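# For reference, the sequence and a predicted model appear below.
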Amino acid sequence: MLHKFEEACDRKAIIHDMNLRSWALEAKDQVDLPEFKASTWWIWKFKNVHGIVSRKITTFRTQFTFEQRDNLQNVAKDFVTNVKSLIPAIGLEEVYNADESGFNLEIHSGRTLSKSGIKIIEASVQSISSTTHSYTIMPLISASGNLLSPLYIVLKESTGTFGPRVQETLFRPVNIYVEASKSAKLTAEHFKTWFTEVYLPNTGSKSMLLLDSWTGHCPSQLQQYIPQEKEVTFLTIPKKTTGIIQPLDVFGFRVWKNFVRTFSDNVILRDENINLHSRNEIIKLQSITHNQLSSPRFKNLFKYSWYKSGYLETHPDHFQNPVDFCYFKTEKHVPKCSICGMDAFMRCAWCGEYLCFKHFYEDYHYCSQYNP
């Protein structure tokens, strides 16, 4: 019976208690137990002994997909091996990964504390539509753990560009390069701008860039923009393998979104008077997030994303979780703002000072140690 269960698991079949009972009844004649009934109690004991539990199915796949999985693993392994062979000639500092990720205009946690027994759990947001509409960011990280500046952002505008009035009032921090599109997604033209305005000015004479297989990345069309004194090697991550070998997908974006999500949740909880889904507040929040994640304190965090993807052999030294540190989740008391003495809202990842909401966010805290 256990053998049949394990074989069904290997085939990713859906299994229920009734199937266990059926297998048990089929097997009873082989062990000469005519009175055996495979009762509910017996099924519970069998599951308990063998560590079998009911789990929610998170993903449905076709049988063809499962058959292709081993092949994709081999393709991914070959790609990683090739990259690792090229790294020594270039150096970890000049091996980069860039990728796009969509963020809802308002991004919040999907869980909350509530009293037991309440069937409908409601939560407050500033705008329902903002929880489904989005914008795009495109960070750039090196295999040595550096988060480069500026961060590229594409916001949604009905015309695809910022109008004259918007241009006049648009917040443009030093660590953000912001543009617009009709869909809030990058186009091939946006990517060319990113390459010439963000990538080339911030990388050395010889570099390597890992990109996914999106057609808009068009590496062949970028050669004309590369100065004679620079050499850029483009490597395209194989299709359907980004979830296991693209560093930002493997670890980076999860941390980034958790940081933004925690900020937004706290703004709602404290009833702070800011519009989370306005252009300038989005830019400001991403600017501060990029600022904090750029701290040397989190360098090993981005190195770990390369290690987990397979490109680095050595596990990076211990690093702190940005949410735990900046939102002081492990503190035994509520710290006070180092400027005004009010309850602190966040802790600066650069200098370690505690700051209230006004001095950290409203006054747009930029630590003197930060040099984008």
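Happy to help now that I have it.

# Would you agree Gly145 is in contact with Pro316?
Yes. Here Gly145 reaches Pro316: they are 7.2 Å apart, a contact under CB atoms under 8 Å. Where you see a C-beta, it was placed from the backbone N, CA and C, and this is true even at glycine.

# out of the two, which sits in the busier spot?
The neighbour count for Gly145 versus Pro316, taken as other CB atoms under 10 Å, is higher for Gly145 (22 against 17).

# give me the element that one is part of.
Gly145 is part of no helix or strand, with elements assigned from DSSP states H and E.

# Quickly note the distance from it to Gly252.
11 Å (CB to CB, to the nearest Å).

# Which neighbours do these two have in common?
Counting by CB atoms under 8 Å, 6 or more residues apart in numbering, the shared contacts of Gly145 and Gly252 are Phe302.

# show me where the stretch 151-300 of the chain has strands.
For the stretch 151-300 of the chain, the strands defined by DSSP state E, counting those that start in this stretch occupy 151-156, 176-181, 206-211, 231-236.

# Tell me which residues of the longest helix along the chain come out buried.
The single longest helix within the chain, with elements called by DSSP state H, is helix 63-90. Within helix 63-90, the residues scored as buried using 16 or more other CB atoms under 10 Å are 72, 75-76, 79-80, 83, 87, 90.

# ok, then the element right after that helix?
Toward the C-terminus, helix 63-90 is succeeded by strand 95-98 as the next helix or strand (DSSP H and E).

# What strands flank the following helix or strand past that following strand, and is each parallel or antiparallel?
Going down the chain from strand 95-98, the next helix or strand is strand 101-104, by DSSP H and E. Strand pairing for strand 101-104, determined by DSSP bridges: strand 134-138 (antiparallel).

# List the contacts of the partner strand.
Here strand 134-138 makes contact (CB under 8 Å, 6+ apart) with 98-105, 151-156, 184-186, 194, 256, 282, 286.

# Which among these count as buried?
98-101, 103-105, 151-156, 184, 186, 194, 256, 282, 286.

# mind listing the helices for the chain?
2-10, 17-28, 40-49, 63-90, 164-169, 188-194, 200-202, 242-245, 247, 253-270, 279-293, 299-309, 322-326, 357.

# need the ones you listed in CSV with distance to Lys119 and mean pLDDT, can you?
Converted to CSV, the helices of the chain look like this (distance: least, CB to CB, whole Å; pLDDT from 0 to 100):
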stretch, distance to Lys119, mean pLDDT
helix 2-10, 33, 90
helix 17-28, 26, 90
helix 40-49, 27, 94
helix 63-90, 36, 86
helix 164-169, 44, 95
helix 188-194, 45, 95
helix 200-202, 52, 96
helix 242-245, 35, 94
helix 247, 41, 97
helix 253-270, 22, 96
helix 279-293, 33, 97
helix 299-309, 39, 97
helix 322-326, 30, 95
helix 357, 34, 96
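
# residues contacting the residue positioned nearest the centre of the chain?
Nearest to the mean C-alpha position of the chain, counting by CA atoms, centre = their mean, stands Phe253 at 1.8 Å. Listed by CB under 8 Å, 6+ apart, the contact partners of Phe253 are 99, 101.

# circling back to that earlier point, for the longest helix of the chain, the distance to its chain's centre please.
21 Å (CA atoms, centre = their mean, to the nearest Å).

# name the helices or strands packed onto it?
Packing contacts for helix 63-90, counted by 3 or more CB pairs under 8 Å, 6 or more residues apart in numbering; DSSP states H and E, involve strand 206-211, strand 231-236, helix 242-245.

# Turn the helices of the chain into JSON lines, columns for distance to Gln228.
What follows is the helices of the chain, written out as JSON lines (distance: least, CB to CB, whole Å):
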{"stretch": "helix 2-10", "distance to Gln228": "56"}
{"stretch": "helix 17-28", "distance to Gln228": "67"}
{"stretch": "helix 40-49", "distance to Gln228": "68"}
{"stretch": "helix 63-90", "distance to Gln228": "18"}
{"stretch": "helix 164-169", "distance to Gln228": "34"}
{"stretch": "helix 188-194", "distance to Gln228": "19"}
{"stretch": "helix 200-202", "distance to Gln228": "12"}
{"stretch": "helix 242-245", "distance to Gln228": "32"}
{"stretch": "helix 247", "distance to Gln228": "30"}
{"stretch": "helix 253-270", "distance to Gln228": "35"}
{"stretch": "helix 279-293", "distance to Gln228": "31"}
{"stretch": "helix 299-309", "distance to Gln228": "30"}
{"stretch": "helix 322-326", "distance to Gln228": "40"}
{"stretch": "helix 357", "distance to Gln228": "50"}
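
# which of the ones you listed sits most buried?
Neighbour counts (mean count of other CB atoms under 10 Å) averaged over each of the helices of the chain peak at helix 247, with a mean of 30.

# Remind me what that helix packs against, helices and strands.
Taking 3+ CB pairs under 8 Å, 6+ apart as the contact cut, helix 247 packs with helix 299-309.

# Identify the contacts common to Gly145 and Pro316.
What both Gly145 and Pro316 touch, as defined by CB under 8 Å, 6+ apart, is the set 300, 303.

# Report the residue ranges of every domain in this protein.
Per the record, the chain has its domains at 2-49, 92-108+129-308, 328-372, by automatic domain parsing.

# Could you find the closest non-adjacent residue to Thr314?
Of all residues not flanking Thr314 in the chain, Tyr307 sits nearest, at 7.3 Å (CB to CB, 6 or more residues apart in numbering).

# wouldn't that neighbour be in contact with Pro316 here?
Yes. Counting by CB under 8 Å, Tyr307 touches Pro316, with 6.0 Å between them.
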